[in-house]
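[1] Need a 3D model of the sequence below.
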Amino acid sequence: MMNSKSIFYSLLFLFVFSVVYSQQEKMTALQILKKAIEINNKQEYLSYTTKYALYLDYSTKKIYEQYSGVVLRKNNINYFKIKNTEFVTFKNYGFKINHDQKALVIEKQLGEMDEFPLSLNNCLKGFNSKLIQTNATHFICELTPNKVSQIMVRKIIISINKLNYSITKQSLFFVEKMESKNVKGEIIYTIPRLEVTFSPKAKDEKKDNILVTRENYFTEKNNEIIVSKRLSAYQLFKS
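    You can find the predicted model right below:
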């Protein structure tokens, strides 16, 4: 059974983030998505604001919960924030900060991380793709899990701006039921969807550099992780 918090954290594995460029109007979805990987990997500095809107079912227009966030790539470091939770991926470590729970999670990575942890490349490993619509302003691509996939979504729909081939919206249609309450306070179970929209964010070198600097979070000495002073009151978990 899902809850709204687990849906937002599942973005760590499902979120599709990239900038897409192409001059070919008749490209297939797979060609567009592969080109996205190539172009995205070349971008050294990316900055977006994000909005996350959770709906109780596939068709309703009424928002159940909504959060804002940030997505940043700079100096080969990837950073994103959802509400009061931050994720940063360095060369050998993944770092998560939950400010509500005053908790830190650090995970040692095997090998160099050369892509965003929620990259399009990860999605292509477990999804089939097709171009379902082309209009005056957007390509609309649909990703569906293949038969052997363990990914808990029925489909992901991505809107790609035809002018600059940036992703402007992503909709995730989950398969597990979520518990909530109706207007009478009664418990109900529905299958939710999550819509994520992207807007270019003004780049701020000074602030962005702080967000992607490892010493702002922790240092490593003699194979021991030492949390930065500003986070010293938080509980550290290693995995």
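
[2] quick one: strands adjacent to the helix or strand residue 49 falls within?
    According to DSSP states H and E, residue 49 maps onto strand 45-55. Sheet pairing of strand 45-55 (DSSP bridges) gives strand 65-74 (antiparallel), strand 193-200 (antiparallel).

[3] my guess is residue 216 contacts residue 210, does it?
    Yes: in terms of Cβ atoms under 8 Å, residue 216 counts as a neighbour of residue 210; the distance is 5.6 Å. The C-beta positions use only the backbone N, C-alpha and C, and glycine is treated the same way.

[4] Compare these two and say which is more crowded by neighbours.
    Regarding residue 216 and residue 210, a neighbour count based on other Cβ atoms under 10 Å identifies residue 216 as having more, with 14 against 11.

[5] Looking at this protein, which residue reaches furthest from the middle?
    Within the chain, the residue lying farthest from the chain centre (Cα atoms, centre = their mean) is residue 184, at 33.7 Å.

[6] circling back to that earlier point, average model confidence for the strand holding residue 49?
    What strand 45-55 shows for mean pLDDT is 93.

[7] List the buried residues in that strand.
    Neighbour counts using 16 or more other Cβ atoms under 10 Å place 46-48, 50, 52-55 of strand 45-55 among the buried residues.

[8] Repeat that for stretch 70-85.
    Applying 16+ other Cβ under 10 Å to stretch 70-85 flags 70-74, 77-83, 85 as buried.

[9] Now distance to residue 143 and pLDDT too, for those residues, in a markdown table please.
    Listed next are the buried residues of stretch 70-85 as a markdown table, based on distance: Cβ to Cβ, whole Å; pLDDT from 0 to 100:
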| residue | distance to residue 143 | pLDDT |
| --- | --- | --- |
| 70 | 24 | 92 |
| 71 | 19 | 90 |
| 72 | 24 | 92 |
| 73 | 22 | 90 |
| 74 | 27 | 92 |
| 77 | 27 | 89 |
| 78 | 21 | 87 |
| 79 | 24 | 92 |
| 80 | 20 | 88 |
| 81 | 24 | 91 |
| 82 | 21 | 89 |
| 83 | 25 | 88 |
| 85 | 25 | 92 |
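
[10] Give the buried residues for stretch 178-185.
    Buried, per 16+ other Cβ under 10 Å, within stretch 178-185: 178, 180.
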